[in-house]
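*Asks:* Provide a 3D model corresponding to the input given below.
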Amino acid sequence: MLLGQLWRAISKELFAEFLATGLYVFFGVGSSLPWPSARPTMLQTAITFNLVTAVAVQVTWKASGAHINPAVTLAFLVSSQISLPRAVAYVAAQLTGAIVGASVLYAVIPGDIQETLGINMVGPPHVPCSSVFPCSSFLSTLRPHSSRFP
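*Replies:* A predicted model of the protein is given here:
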């Protein structure tokens, strides 16, 4: 009897974390997709992320404390507000929710947008990303010839 009640309480918390993180990833990343008809602005993406966060926190606050992020769970663990087994279970639920949210998003968007899903890219008139690190490494080793710099 007691074990059944404990399992129901823990599974409710884990499902809340799973669902909140999945919805956060689905709507947050979905709001930043480059649709051909209208590209979202940075403000629209920020507002969407904030609204999703507010809704997820409001919905899961009583069930699990609304961590939604493994970093928040780690902070609660370090400050001794949750136990290690519960923190591990929360992180597992959050990571699973994020993977499921991203997978559902990948499944529902058109193929031409799937190519760049989750990739940070520099626009065509700029330097390719593969050249940025070697160039910056080389330039950072150069020192100006001045008496102030030995």
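
*Asks:* what residues are up against R86?
*Replies:* By CB atoms under 8 Å, 6 or more residues apart in numbering, R86 lies in contact with I10, E13. (C-beta placed from N, C-alpha, C; glycine too.)

*Asks:* Residue ranges in this structure under the pLDDT threshold?
*Replies:* Within the chain, the segments meeting pLDDT under 70 span 1-3, 5-7, 115-150.

*Asks:* what's around Q94, how many residues?
*Replies:* Number of residues near Q94 (other CB atoms under 10 Å) recorded here: 26.

*Asks:* name the element it belongs to?
*Replies:* Q94 is located in helix 84-108, with elements delineated by DSSP states H and E.

*Asks:* Buried residues, that helix. List them.
*Replies:* Neighbour counts using 16 or more other CB atoms under 10 Å place 86-87, 89-91, 93-94, 97-98, 100-102, 105 of helix 84-108 among the buried residues.

*Asks:* Show me which of the residues you listed is closest to S31.
*Replies:* Nearest to S31 among the buried residues of helix 84-108 is L105, at 10.4 Å by CB to CB.

*Asks:* and the closest one, how far is that from V57?
*Replies:* Counting by CB to CB, to the nearest Å, the separation of L105 from V57 is 21 Å.

*Asks:* Which residue, other than its chain neighbours, is closest to the residue nearest the centre of the chain?
*Replies:* When the chain is reduced to its mean C-alpha position, the nearest residue by CA atoms, centre = their mean turns out to be V25, at 6.0 Å. Counting by CB to CB, 6 or more residues apart in numbering, G101 is the residue found nearest to V25 once chain neighbours are left out, at 3.5 Å.

*Asks:* residues in contact with that neighbour?
*Replies:* With the criterion set at CB under 8 Å, 6+ apart, G101 makes contact with T21, G22, L23, Y24, V25, F26, V29.

*Asks:* Tell me which stretches of the chain form helices.
*Replies:* Secondary structure of the chain, counting by DSSP state H: helices at 2-30, 42-64, 70-78, 84-108, 111-114, 129-141.

*Asks:* for the longest one, packing partners?
*Replies:* Right, helix 2-30. Under the contact criterion of 3 or more CB pairs under 8 Å, 6 or more residues apart in numbering; DSSP states H and E, helix 2-30 touches helix 42-64, helix 84-108.
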